[in-house]
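Student: Have a look at this fold, sequence not included:
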């Protein structure tokens, strides 16, 4: 529910105002593209628009994760990741991809002891941790690569969109939006 409706001293009035606003906006739409069929009913209901005005187009950013043969997707993604961060080990590849926190520091950034524990685990499993912070993110991740060559940074300048390499990843730790 929109913040205006949540913060209102009269929440029922706030909800009614927000609902009316959505429906007024919906009446102005001739076409409403959505990523998948499961959201069609919600859009029709929320905006009060005709079902024929809602078209399922997919989501280009995420469709890459499902298109084609899974083995080919993984092979292509591993080649792209290898070109971006160097050789990949035989063991698991983990990506840590925190998102932007409105200028605040990442509270989940590991401290020295945590980096040491991560480095030991990566060595034990022959793994790799790739840290891909948001371009506007703020945190000191430099201690990771200093602790182990199995921790590598992947900046947005090297790979602007992380999505195409996700099929190469065994574990993803993120609040990725």
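Tutor: Ah, there it is. It should be emphasised that the depicted structure is a prediction, and the values quoted were computed from it without experimental measurement.
Student: CA atoms for contacts and neighbours, from now on please.
Tutor: Noted.
Student: Identify all contacting residues around the helix or strand containing residue 45.
Tutor: Residue 45 belongs to helix 40-47 when assigned by DSSP states H and E. Residues from elsewhere that reach helix 40-47 (Cα atoms under 8 Å, 6 or more residues apart in numbering): 19, 22-27, 34, 49-51, 54, 56.
Student: can you redo these as TSV with distance to residue 148 and pLDDT?
Tutor: Listed next are the contacts of helix 40-47 as TSV, based on distance: Cα to Cα, whole Å; pLDDT from 0 to 100:
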residue	distance to residue 148	pLDDT
19	53	77
22	51	74
23	55	76
24	56	80
25	53	75
26	53	69
27	57	77
34	43	90
49	55	86
50	56	90
51	54	92
54	50	92
56	45	93
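Student: Please pick the buried ones from those.
Tutor: Burial by neighbour count, 16 or more other Cα atoms under 10 Å: within the contacts of helix 40-47 this picks out 19, 23, 26, 34, 49-50, 54.
Student: Show me those that map onto strands.
Tutor: 34, 54 (DSSP state E).
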